[in-house]
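Asks: sequence plus predicted model, see below.
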Amino acid sequence: MVHHKELLICGIIYFCGALYGYYNNVLPYTQLVSNHANRPMQTKTDHHPPAGANANNEMAALDTMGDATDAEDVTGEEITPLEVSGGIVPQKGGDQSLHELRIYRQERSKNFHSWFEGNSTDKLFKNADKNGPILDFVIAGFPKTGTTTLMANLGTLAPMDVGDICTPVHQTVYYSYMNWPKMHGEDKILRGSKCPAYLQVGASKDNWLVSYSDYLPKTKLIIGIRHPMKWFKSFWDMQLNNGGKETRSGDPYELTGRCDGSWGCRNSCPKRQLFCIQRARFHLALAQLGKTELSSEERKFLAPEDPDGGDHVGNDNVRNPVFLYEQSELNEDYVWEEMAAFLEIENITHNQYRGSHGHGNKKTDFCDDKYDNFRAQMMPYA
């Protein structure tokens, strides 16, 4: 039987605990859990793929930044509202912030000329989007990984020109606000573009994503990858049907050479080739973004025997957040749900499929015995 004295002691302890919580702003556990559940995804997803999905291919949303310490950097987790003439940049989390962000996006075009230096629209200010995103996203790579399907579905939310628009960031902003809305819908709330060629292995001076990091670090990058062998087959068949010079001989073994640093190297391919097995080294181009430490141990796994691999992989320290998906996952609803959360919108309608198969129906069976050695050269990159 519990004595009155024991009840009194327990009551005093509970009262003291409650008093401590009040003065130290300690929320009840249930409220903490509720608040956490309402926070938008930041660095990784807690959403599990449907049964049967390949866990090794699970999409990852990498909303992480580089090590920049600039005061106008966007690396901080805590975001406070900033008053701007076109609306406000909201705090993250909850339906209210999505509503505020929508208002900002609707009004931001009024500030268009304030983003550029001087009286022209030739060059943006550095960190031009410090008061809020100007371009919401760029589909930055890789080609033949479902980027056309992405464009078709995101094009319902953003006025985008059909095809790849590979221009410097300053021009892309101009097109996104001055040209494309008139052609593809002025009522669409997002602004974005597509250029799968942005992401490639090479010197920083040739990497336009560095300009996005410098001028628009809040633009979010959407990047797709694909099994290298399936990627090559898709590229080969498309060029075969289009009469591309790389496929005229009918011999894919001609696309197994390496760049030696001499003139003619393009996309890590020799002789100005549009594609080759070297271009399937997605891991090198991703590593060059600088989202990992790029330690000496890590570089041992980055094609160390290749002239542009290993210790020669650059570090561009790209500050923009990255959403990474695998091409086959575009059939899954959860990928589009997580992409919507990444872009801070309610949902993305994803009932449109677009393919780039070329002007014909020719296909090559790379499982044929004569391509055994070709597959053997490609598989290490897989």
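Replies: Arrived safely, thanks for sending. These figures come from a predicted structure and were not determined experimentally.
Asks: quick check: Thr292 touching Phe301?
Replies: No - applying Cβ atoms under 8 Å, one finds Thr292 not in contact with Phe301, separated by 10.9 Å. All C-beta spots, glycine's among them, are computed from the backbone N, C-alpha and C.
Asks: now do the helices in the stretch 251-382 of the chain.
Replies: Counting by DSSP state H, counting those that start in this stretch, the stretch 251-382 of the chain has helices at residues 282-288, 296-299, 333-343, 372-378.
Asks: dump these to a markdown table, plus distance to Asn153 and mean neighbour count.
Replies: Formatted as a markdown table, the entries for the helices of the stretch 251-382 of the chain read as follows, by distance: least, Cβ to Cβ, whole Å; neighbours: other Cβ atoms under 10 Å:
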| stretch | distance to Asn153 | mean neighbour count |
| --- | --- | --- |
| helix 282-288 | 22 | 22 |
| helix 296-299 | 34 | 12 |
| helix 333-343 | 8 | 19 |
| helix 372-378 | 30 | 14 |
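Asks: mean pLDDT for those helices - can I get that in TSV?
Replies: Shown next, in TSV, are the helices of the stretch 251-382 of the chain (pLDDT from 0 to 100):
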stretch	mean pLDDT
helix 282-288	93
helix 296-299	95
helix 333-343	97
helix 372-378	95
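Asks: tell me the spacing between the nearest residue to Lys144 once chain neighbours are set aside and Val201.
Replies: If you skip the residues right next to it in sequence, Lys144 has Ser234 as its closest partner in space, 4.5 Å away by Cβ to Cβ, 6 or more residues apart in numbering. Relative to Val201, Ser234 is positioned 20 Å away (Cβ to Cβ, to the nearest Å).
Asks: more neighbours: those two, which one.
Replies: Of the pair Ser234 and Val201, Val201 is the one with more neighbours under other Cβ atoms under 10 Å, namely 27 against 19.
Asks: surely the more buried one is in contact with Phe282?
Replies: No - counting by Cβ under 8 Å, Val201 does not reach Phe282; the two are 9.5 Å apart.
Asks: so Lys126 touches Ser213, yeah?
Replies: No - proximity of Lys126 to Ser213 does not meet the contact threshold set by Cβ under 8 Å, at 10.2 Å.
Asks: show me the shaky parts of the stretch 101-250 of the chain.
Replies: 202-206 (pLDDT under 70).
Asks: ranges for the strands of it?
Replies: When secondary structure is read from DSSP state E, counting those that start in this stretch, the stretch 101-250 of the chain shows strands at 137-141, 192-194, 220-225.
Asks: tilt between the last one and strand 137-141?
Replies: Strand 220-225 runs at 30 degrees relative to strand 137-141, counting by axes from the mean of the first three to the mean of the last three Cα atoms, to 10 degrees.
Asks: list of residues touching strand 220-225?
Replies: Contacting residues not belonging to strand 220-225 are listed as 133, 136-142, 145-147, 150, 199, 209, 212, 282, 286, 318, 320-327, 330, 339, 342-343 [Cβ atoms under 8 Å, 6 or more residues apart in numbering].
Asks: any quick PyMOL command for the buried ones out of the residues you listed?
Replies: For selection in PyMOL, the members of the contacts of strand 220-225 meeting the burial criterion (16 or more other Cβ atoms under 10 Å) are listed in this command:
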select buried, resi 133+136+137+138+139+140+141+142+145+146+147+150+199+209+212+282+286+318+320+321+322+323+324+325+326+327+330+339+342+343
